[in-house]
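Enquirer: heads up, no residue letters with this:
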Ligand SMILES: Nc1ncnc2c1ncn2[C@@H]1O[C@H](COP(=O)(O)OP(=O)(O)OP(=O)(O)O)[C@@H](O)[C@H]1O
């Protein structure tokens, strides 16, 4: 059905159209050009009224409204449509723009399932459903999961706009494909994630496996306390690492270093305090007897590593360790497959893994060195060769390291209003056009702009809500307070009856 006609000047990249009804920004349409069907995206939509133009006061506005209501030709729907390429070529994955612009007078048609289905919802196994097109809601939106494992992913949005919902959706699909996913969960958002055979665990750090400077970080020695750093470094010997009782051996070694080394008694004693403190405060996290924590990750499963109990520095050291080890395991596995491995050690992670880092701006910050950033950049650069994909999730894209962000081959961007966040994303993602960028502040919860290699074309979609996901949703303080009130009554009553019982017993 014809819904518009090309008018005015027309270009190979965009046309202006007079339409029969208002069209939504983000809607796909077909331009029935002289050279074949072209897919277009509504980029601008303007409605004007002849009668209500140049109105000078309220009375005139009221009168003009009556005139406008009576005149069926009063409203004018003008639309700017961006040209995406020839439809048949896009359906085969090629983006070819017309050399000659569509002629003025060319008809604009509604896009059908047959036109769009192949482009936005290919049916092969690696394309997983993520939702539907926001403006053509009958069309399924799918993403290519292979591309995010090989070329990485960023999920960026203001808080509460649906980042963890999207992560949960991806996790479900990965689980159904028997893939290996590791989520570093900084706010304990995924404990109740409803995926089969999920492996949920507290992230642990085995102090024996750390280099001395990292051990200093996790027991929270001050960075510039040089003498304490040295005391720990010298005491943290191979025999301490191998000893049965790690903490005791480390303490003895530190004590003896303090005695033997002139001018270090006080520093060693401070290190001993720190060790004692860490041993008690972080007993759940720093575990010298947990073996290699990477061994606890299960292949072919969704693994959620709760890092919410770790301090920022500990989480950083922990994440860096996991990333380094995972990359090494994948390298060994790939080399072994190619018959180039020099180690006889049996490798874990024989198939690709996907790692998601929540709160990426904390661990991969702009303008500041962190170990996680070092390893994340390495994974971002080398992951493609070795089958380790990185997913970064953040509500503050402006604070993420731009180099790492620009290595993310695919992006899901939800509502973002801050200008500097938008600019940072725009400079990291070439395929984010100005028009799509301008859409970001008007998106609703669960709406996302998808760009990059995981989609055939940039698209605006509404992501499916993961209904059974209990995590992440805002808590209902009012209802919980009313429950607490009831509990208080019960508590009061039961205490009363106990007091009565006690009196009777007396
Ligand atoms: N696609 C969606 N459709 C409908 N509702 C959604 C969708 N995605 C998320 N929501 C709702 O929005 C709320 C916040 O979602 P979510 O926890 O995923 O956001 P978030 O961006 O991860 O937030 P935070 O930054 O606080 O972690 C939830 O209550 C969720 O049910």
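Expert: Good, I have the coordinates. Remember, it's a predicted structure, so these values are computed and weren't measured experimentally. Residues are numbered from 1 along each chain as shown.

Enquirer: now for the one helix or strand residue 383 maps to, which elements pack on it?
Expert: Element membership for residue 383 (DSSP states H and E) is helix 371-386. If you count contacts as 3 or more CB pairs under 8 Å, 6 or more residues apart in numbering; DSSP states H and E, helix 371-386 packs onto helix 145-151, helix 312-337, strand 353-357, helix 360-363, strand 388-394, helix 402-406. No exception for glycine: its C-beta is placed from N, CA and C like everyone else's.

Enquirer: same thing but at 7 Å, please
Expert: helix 312-337, strand 388-394, helix 402-406 (3 or more CB pairs under 7 Å, 6 or more residues apart in numbering; DSSP states H and E).

Enquirer: If you count contacts, what does the shortest one end up packed against?
Expert: The criterion is 3+ CB pairs under 7 Å, 6+ apart, and the helices and strands that helix 402-406 contacts are helix 371-386, helix 419-428.

Enquirer: that older thread, now the helix holding residue 383: buried residues?
Expert: 371-373, 375-377, 379-380, 383-384, 386 (16 or more other CB atoms under 10 Å).

Enquirer: Would you mind giving those as a markdown table with distance to residue 439 and pLDDT added?
Expert: Listed next are the buried residues of helix 371-386 as a markdown table, based on distance: CB to CB, whole Å; pLDDT from 0 to 100:
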| residue | distance to residue 439 | pLDDT |
| --- | --- | --- |
| 371 | 37 | 87 |
| 372 | 32 | 92 |
| 373 | 30 | 94 |
| 375 | 34 | 94 |
| 376 | 29 | 95 |
| 377 | 30 | 96 |
| 379 | 31 | 95 |
| 380 | 27 | 95 |
| 383 | 30 | 90 |
| 384 | 30 | 89 |
| 386 | 36 | 93 |
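
Enquirer: Determine which two of those are furthest apart.
Expert: Pairwise distances across the buried residues of helix 371-386 (CB to CB) peak at 21.9 Å, for the pair 371 and 384.

Enquirer: Residue of the stretch 201-350 of the chain nearest the ligand, please.
Expert: Nearest residue of the stretch 201-350 of the chain to the ligand (CB to the nearest ligand atom) works out as residue 308 at 12.4 Å.

Enquirer: What is the neighbour count of the nearest residue to that residue once chain neighbours are set aside?
Expert: The spatial neighbour of residue 308 that comes closest, neighbours along the chain excluded (CB to CB, 6 or more residues apart in numbering), is residue 188 at 4.3 Å. Neighbours of residue 188 under the rule other CB atoms under 10 Å: 15.

Enquirer: Look at residue 188 and report its pLDDT.
Expert: On pLDDT, residue 188 comes in at 90.

Enquirer: tell me the secondary structure for it?
Expert: Put simply, residue 188 is coil when judged by DSSP: H, G, I helix; E, B strand; the rest coil.

Enquirer: right, and it touches residue 306 too?
Expert: Yes. With contact defined as CB atoms under 7 Å, residue 188 counts as touching residue 306 (5.4 Å).

Enquirer: For the helix or strand hosting residue 275, which helices and strands make contact with it?
Expert: Here residue 275 sits within helix 265-281, counting by DSSP H and E. Counting contacts by 3+ CB pairs under 7 Å, 6+ apart, helix 265-281 packs against helix 226-235, helix 246-260.

Enquirer: deepest of these, which one?
Expert: The highest mean neighbour count among the helices and strands packed on helix 265-281, using mean count of other CB atoms under 10 Å, belongs to helix 226-235: a mean of 19.

Enquirer: and the nearest residue to residue 171 once chain neighbours are set aside, what does it touch?
Expert: Residue nearest to residue 171 in three dimensions, not counting chain neighbours: residue 302, with 4.9 Å by CB to CB, 6+ apart. Counting by CB atoms under 7 Å, 6 or more residues apart in numbering, residue 302 touches 171, 174-175, 181, 195, 198-199.

Enquirer: possible to save those residues as JSON lines with distance to the ligand and pLDDT?
Expert: Output for these, formatted as JSON lines (distance: CB to the nearest ligand atom, whole Å; pLDDT from 0 to 100):
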{"residue": "171", "distance to the ligand": "12", "pLDDT": "96"}
{"residue": "174", "distance to the ligand": "17", "pLDDT": "94"}
{"residue": "175", "distance to the ligand": "18", "pLDDT": "94"}
{"residue": "181", "distance to the ligand": "17", "pLDDT": "96"}
{"residue": "195", "distance to the ligand": "15", "pLDDT": "91"}
{"residue": "198", "distance to the ligand": "17", "pLDDT": "94"}
{"residue": "199", "distance to the ligand": "21", "pLDDT": "94"}
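
Enquirer: Buried ones only from the residues you listed, please, as a ChimeraX command.
Expert: Buried subset of the contacts of residue 302, written as a ChimeraX selection, criterion 16+ other CB under 10 Å:
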select :171,174,175,181,195,198,199
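
Enquirer: Just flag the most distant two among the contacts of residue 302.
Expert: 174 and 199 (12.5 Å).

Enquirer: Would you confirm that residue 384 contacts residue 150?
Expert: Yes. Using CB under 7 Å, residue 384 is in contact with residue 150, at 5.1 Å.

Enquirer: Please report how far the residue nearest to residue 298 when sequence neighbours are not counted lies from residue 300.
Expert: Once flanking residues are discounted, residue 298 sits nearest to residue 199: 4.5 Å by CB to CB, 6+ apart. Separation of residue 199 from residue 300 (CB to CB, to the nearest Å) stands at 10 Å.

Enquirer: Mutual contacts of the two, please.
Expert: By CB under 7 Å, 6+ apart, no residue touches both residue 199 and residue 300.

Enquirer: circling back: closest one of the contacts of residue 302 to residue 244?
Expert: residue 199 (28.9 Å).

Enquirer: Name whatever forms a beta bridge with that closest one.
Expert: residue 303 (DSSP bridges).

Enquirer: Poorly predicted segments of the protein, please.
Expert: Along the chain, the parts satisfying pLDDT under 70 run over 340-346, 468-475, 485-506.

Enquirer: Up against the ligand, what does it have?
Expert: By the rule CB under 6 Å from any ligand atom, the part of the chain lying against the ligand is 157, 159-165, 395, 445-446, 463, 465, 472-474.

Enquirer: Can you give the domain ranges for this protein?
Expert: 2-111, 142-204+291-463, 207-282 (the TED database).

Enquirer: Endpoint to endpoint, the shortest one covers what distance?
Expert: Translated: domain 207-282. Across domain 207-282, the terminal residues are separated by 11 Å (CA to CA, to the nearest Å).

Enquirer: repeat for stretch 64-84
Expert: Start and end residues of stretch 64-84 are separated by 39 Å (CA to CA).

Enquirer: Of all the residues in it, which ones are buried?
Expert: Those would be 64, 68, 74, 77-84, for stretch 64-84 by 16+ other CB under 10 Å.

Enquirer: Can you list which of those residues are found in strands?
Expert: Per DSSP state E, strands hold the following members of these: 77-84.

Enquirer: And for residue 121, nearest residue in space, chain neighbours not counted?
Expert: Residue 121 sits nearest to residue 140 (CB to CB, 6+ apart), 3.8 Å away.

Enquirer: Now that neighbour, what are its backbone angles?
Expert: Phi and psi for residue 140, reported as degrees, to the nearest 10, are phi -70, psi 140.

Enquirer: Please look at it and residue 122 and confirm they touch.
Expert: No. Look at residue 140 against residue 122 with CB under 7 Å: they stay out of range, at 9.9 Å.

Enquirer: Spell out the secondary structure type for residue 483.
Expert: Residue 483 - assigned by three-state DSSP - is helix.

Enquirer: show me the contacts for it.
Expert: So residue 483 contacts nothing (CB under 7 Å, 6+ apart).

Enquirer: ok, now how distant is it from residue 477?
Expert: Per CB to CB, residue 483 is found 11 Å from residue 477.
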